[in-house]
Each structure stands twice: as C-alpha cells, then as structure tokens.
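*Asks:* Fold the following.
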Amino acid sequence: MAGIKSIVLVGLLVIAGVLYSSMYVVDEREVALMFQLGEVKRADVEPGIYFKLPFVNNVRKFDGRILTLDAPPANYLTAEKKNVNVDFFVKWRISDVKNYYRAMLGSETTARERVYVILNDGLRSEFSNRTIQDVISGERRQIMSSITKRANEQVGGFGIEIVDVRIKRIDFTAQISDAVYQRMVAERARVAKDLRARGAEAAEKIRADADRQKTVLLAEAYREAQQTRGEGDAKASEIYANAFSRNAEFFSFYRSLNAYRNTVGKQGDVLVIEPDSDFFRYFNDSRPGKK
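*Replies:* Below you'll find the predicted structure:
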C-alpha cells in the first residue's frame, strides 16, 4: 500500500514538473524567441502565458525596453584639427528580436559594443567636418539628428533601433582650454580698457562743462554784484548830494567831526598840520557868538 502511494506521489511530481516546464510567461517589458531543437520557431511572441513542448522547445527572453548606453568621453578632431572631448549617451532598443539574436547571439554586451563603435565612428566623421564654433553652439542639434539617422541605417540589419543620441557636454582639451581662456582674458581686458576710456572721456566732458558753468555763474554773479554796488553808490551819492544841498554848512561840519574822530586821539598817531589850515577850521571858528 505504501509503495502505491509513493508511486502516485512520484507520478504527480513528474506531471507537475512537466506542466511547469511546459509553461512560460512573457512580461510586457520583454521580447521573446521560441526555439525548436535549436531553430527559431516563433519570433512574434506577445506578452502573456504560453505552453511549449518540454525538451523540444525552449524560450529566450530579452529586455524590450529602451536601453541606455552611457558612453565614456572620447576625443574628436574638428575641421581645424583641434581636439575636443565629447561626452554622449545613446538610447536604443530591440526592434527585431530575430535579427537581433542572429546578429548579436542574444548578447546585450555585444550589442552595446557594436552600437558604441558605430556611434563613435559617426561622431568622428561629423566633428571632422565642422569647426569648434559649430560643434559647441551652432550645429549641436543638427549633429545629433544626423548621427541618429546614420546610425539607424547601419544597425537596422541587427534588429536594433537607435531612438536618440544626445551630446551631454563638449569640453576643450587642456591646451585649447588655456588658449581660449587667454583669448577671453584678452577680450575682457580690451572691453574694460574701452569702457574706461569712454568713462574718462565722459568725465572730461562733464568736468569741462562744470568748469564752464562755474565760470559763467561767477561772471554773472560778479556782473550783478558790480551792478548792485554801482546802483548803491549812485543812491548814496544822490542821498549825500540831497543832504548837502539842504544844509551845506552842517554837512561840512559833520564831515569834519568824522575826520577828527578818525584821526585825532589815537595812540602812536602823529599829525604835522598848520594850525591855521582848513582842517582846524571849526576849531578856530568855534568861539561863542561867531558866525
């Protein structure tokens, strides 16, 4: 009885193993090939669950997503025979799994190496036909578009599609970078010198204009001051003349008193004047009752 159970159990295990080996699943992110005795039988396997003949059919699965090849930076010569260091990456995918298997034996490493060689040669050709100015700023988008088209023409027979080629950065080599830096320094120095010269010219114009305005203002102020002073002197003379005409004797007496105050009685002053001179007129004529 125990032997029968063992045989049944072994039979069930064999059946389960056969059923398990007869099933396979293709994920949505994968592409698959079905082989029959080593020969490709199906290359159009869609995602899903399938059955196969054990030990007769086998299935190979490959990544069906868009893959990225981040290439190491490489040096390329431009039309002026100048080296530039280019860092780029490639987006690619399997477009025909049957041709991919035949060309690359299903090896993703082999496919990456082949794609890199094709892209490297294409970039070398593109850069050799362009100047540094073109590859840095002017025609980078055109280069990426052209190399993508050319690479697809070459890898189409391998069951591979180049989705996109992107140049991440383009650097000068150390020698070119130093030369470019020196040219940039010289250019900035030239611009700074030109700006300083223009500033000095503008400063001289402003200074000359300020000096001219200063001279004009001083001249106008001096003219107005002299005019005002002349008008004041004329007014004073008019006032003196009117006062003198009203009482000439009193005015003469008043002026003599001012002269005495300003000259007589100061320490250290010495006057040598005739006693009967006109200066002492009012001293001599100051007796009471004398007119």
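*Asks:* helix or strand right after the helix or strand where Ala221 lies?
*Replies:* Using DSSP states H and E, Ala221 sits in helix 174-246. Moving toward the C-terminus from helix 174-246, the next helix or strand (DSSP H and E) is helix 248-263.
*Asks:* what comes up buried for that following helix?
*Replies:* Within helix 248-263, the residues scored as buried using 16 or more other Cβ atoms under 10 Å are Ser256. (Each C-beta comes from the backbone N, C-alpha and C, glycine too.)
*Asks:* can you check stretch 75-93 too?
*Replies:* For stretch 75-93, by 16+ other Cβ under 10 Å, it's 76, 78, 82-86, 88, 90, 92-93.
*Asks:* Ends of it, what's the gap?
*Replies:* Its start and end residues considered, stretch 75-93 measures 26 Å (Cα to Cα, to the nearest Å).
*Asks:* where are the low-confidence patches of the protein?
*Replies:* 1-3, 5-21, 55, 138, 174-177, 180, 260, 262-291 (pLDDT under 70).
*Asks:* Specify the angle between the helix holding Ala221 and helix 248-263 in degrees.
*Replies:* Calculated by axes from the mean of the first three to the mean of the last three Cα atoms, to 10 degrees, helix 174-246 forms an angle of 130 degrees with helix 248-263.
*Asks:* Any idea how far helix 174-246 is from the middle of the chain?
*Replies:* For helix 174-246, the separation from the chain centroid amounts to 39 Å (computed by Cα atoms, centre = their mean, to the nearest Å).
*Asks:* Next SSE downstream of the helix or strand containing Arg141?
*Replies:* Taking DSSP H and E as the criterion, Arg141 maps to helix 140-155. Next along the chain after helix 140-155, taking DSSP H and E as the criterion, comes strand 160-172.
*Asks:* And for that following strand, what's in contact with it?
*Replies:* 66, 73, 82-95, 100, 111, 115, 119, 132, 135-136, 140, 143-144, 147-148, 151-152, 155, 177, 180 (Cβ atoms under 8 Å, 6 or more residues apart in numbering).
*Asks:* Please state the offset of that strand from the chain centre?
*Replies:* Strand 160-172 sits 25 Å away from the centroid of its parent chain (Cα atoms, centre = their mean).
*Asks:* Would you indicate which residues of that strand are buried?
*Replies:* Using 16+ other Cβ under 10 Å as the test for burial, strand 160-172 gives 160-162, 165, 167, 170, 172.
*Asks:* Just checking: what are the partner strands of that strand?
*Replies:* strand 83-94 (antiparallel) (DSSP bridges).
*Asks:* The partner strand vs helix 140-155, what angle?
*Replies:* 50 degrees.
*Asks:* before we move on, back to that, which pair in the buried residues of stretch 75-93 spans the largest distance?
*Replies:* Across those, no pair lies farther apart than Lys82 and Arg93, at 35.0 Å, counting by Cβ to Cβ.
*Asks:* Take the buried residues of stretch 75-93 and write them to CSV, including distance to Glu224.
*Replies:* Below are the buried residues of stretch 75-93 laid out as CSV (distance: Cβ to Cβ, whole Å):
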residue, distance to Glu224
Tyr76, 80
Thr78, 75
Lys82, 73
Asn83, 77
Val84, 75
Asn85, 77
Val86, 78
Phe88, 81
Val90, 86
Trp92, 91
Arg93, 93
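*Asks:* Nearest to Phe244 among the residues you listed?
*Replies:* Lys82 (102.6 Å).
*Asks:* Next up, phi/psi of that closest one, please.
*Replies:* phi -110, psi 140 (degrees, to the nearest 10).
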